[in-house]
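Student: what follows is a predicted protein model with its sequence.
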Amino acid sequence: MDGALKTTPDMITEIVLKSYEKAPDPRTNQILQELIIALHGFAKAVKLTPDELIAATQLLARTGQISDHKRHEFILMSDILGLTMLVETMNDDLPEGAFEPSVLGPFYREGSPEIAHFDNISRGDNDGSPALVSGQVRDIDGNPVVNAMLDIWQTNNNGLYENMDDTQPDYNLRARLRTDGEGTYSFWTVKPESYPIPTDGPVGDVLEAGARHNMRPAHIHFIVSALGYKTIVSELFAREDEYIEGDAVFGVKDSLLVDFTPADEPAVASKSGMENPFWRMSYDFVLVAGDRAQTAFSTER
Ligand SMILES: [Fe+2]
């Protein structure tokens with residue numbers, strides 16, 4: 001047609017942005033506008049082809065198809081792309097020195113048994129090498145936080161959580177524990193092991209395409225909460241683990257590194273009916289004032 005202008009990519013972006021600009025909720029409006037700018041900008045930056053767009057939609061379709069009430073592949077996808085850690089870190093509002101958050105992961109279960117100090121959360125026959133974990137919960141000024149709740153979960157030496165492993169007792173290596181009058185806590189467990197995240201779905205395809213491994217460095221998960229303090233969902237990582245530099249889900253932070261050191265203390269071991277020698281790990285959690293919150297989300301495994 002004489003005089004008609006050929007439609008350009010920028011004209012498309014402009015039309016699409018305009019079509020969404022009347023979203024009445026300001027936050028929804030902002031998110032939609034920025035999403036379109038980022039998506040279109042991405043497609044232009046890589047000059048996305050029609051075949052690649054179809055491949056991307058198929059990857060997303062498979063991500064949904066493999067998800068069920070026990071497996072949330074979209075969360076795992078967000079984890080391996082670093083989006084979960086970016087969002088957690090961007091929103092934590094915590095001062096220097098406070099216990100930092102990390103990913104919740106897909107293996108949290110509510111309702112872990114409440115234990116007493118020096119109880120052993122390893123209830124399996126062959127969970128691994130015994131470790132005594134202890135420390136204190138404090139506020140940012142150094143005062144002990146009495147009656148804080150630690151919700152704890154970890155793998156055994158197979159690198160498996162109990163609900164993924166028929167050989168372990170129900171709720172093995174899971175517990176809730178309260179701090180005492182001095183804000184201290186202590187429990188026996190086993191030294192955790194590094195473990196792989198599942199690669200039989202689209203997450204595995206993305207890891208492979210990026211030439212990345214699927215291992216997480218050994219860690220113990222903690223949710224630390226107390227009345228009048230912000231609830232923190234996090235993990236503590238074994239500093240010496242071979243995968244400490246390349247966590248598949250980017251959960252490692254400097255302040256979350258811990259040392260498992262050999263302990264030769266027969267009196268301490270025998271008092272709890274444990275074998276000597278054992279591993280020791282200690283960590284002090286620093287909470288900041290705020291609202292106690294429920295755990296964000298969890299699939300049932
Ligand atoms: Fe984990």
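Tutor: Yep, it's here.

Student: what is the neighbour count of Pro9?
Tutor: 11 (other Cβ atoms under 10 Å). All C-beta spots, glycine's among them, are computed from the backbone N, C-alpha and C.

Student: what's the spacing between it and Ile220?
Tutor: Distance of Pro9 to Ile220, computed by Cβ to Cβ, to the nearest Å: 49 Å.

Student: elements contacting the longest strand belonging to the chain?
Tutor: Ranked by residue count and defined by DSSP state E, the top strand of the chain is strand 130-139. In terms of contacts (3 or more Cβ pairs under 8 Å, 6 or more residues apart in numbering; DSSP states H and E), strand 130-139 is packed against strand 184-190, strand 278-282, strand 285-287.

Student: can you list contacts of it?
Tutor: 120, 122, 144-145, 148, 150, 179, 182-191, 220, 224, 226, 229, 260, 263, 268-269, 272, 274-275, 278-289 (Cβ atoms under 8 Å, 6 or more residues apart in numbering).

Student: still on that earlier bit, most packed of the helices and strands packed on strand 130-139?
Tutor: Highest mean neighbour count among the helices and strands packed on strand 130-139 (mean count of other Cβ atoms under 10 Å): strand 285-287, with a mean of 23.

Student: so what strands line up beside it?
Tutor: Sheet pairing of strand 285-287 (DSSP bridges) gives strand 130-139 (parallel).

Student: centre of the chain to the partner strand, how far?
Tutor: 20 Å (Cα atoms, centre = their mean, to the nearest Å).

Student: the helix or strand that that strand is followed by pairs with which strands?
Tutor: Where DSSP states H and E defines the elements, the next helix or strand beyond strand 130-139 is strand 149-153. Its sheet considered, strand 149-153 pairs with strand 174-178 (antiparallel), strand 219-225 (antiparallel) by DSSP bridges.

Student: what angle separates strand 149-153 from strand 184-190?
Tutor: Taking axes from the mean of the first three to the mean of the last three Cα atoms, to 10 degrees, one finds that strand 149-153 is oriented at 10 degrees with respect to strand 184-190.

Student: the closest residue to Ser234 other than its chain neighbours: neighbour count?
Tutor: Using Cβ to Cβ, 6 or more residues apart in numbering and skipping the chain neighbours, the partner closest in space to Ser234 is Ser102 (4.5 Å). Residues near Ser102, counting by other Cβ under 10 Å, number 26.

Student: what sits against Arg62?
Tutor: 201-202.

Student: out of the helices and strands packed on strand 130-139, nearest to Lys47?
Tutor: The closest of those to Lys47 is strand 285-287. By Cβ to Cβ, the value is 48.0 Å.

Student: so for the closest one, mean pLDDT?
Tutor: The average pLDDT for strand 285-287 rounds to 98.

Student: gap between that strand and the chain center?
Tutor: Offset of strand 285-287 from its chain centre (Cα atoms, centre = their mean): 18 Å.

Student: next: stretch 64-83.
Tutor: Distance, centroid of stretch 64-83 to centroid of chain: 13 Å (Cα atoms, centre = their mean).

Student: and what of stretch 148-155?
Tutor: Taking mean C-alpha positions (Cα atoms, centre = their mean), stretch 148-155 and its chain are 13 Å apart.

Student: I'd like the mean pLDDT over it, please.
Tutor: Stretch 148-155 comes out at a mean pLDDT of 97.
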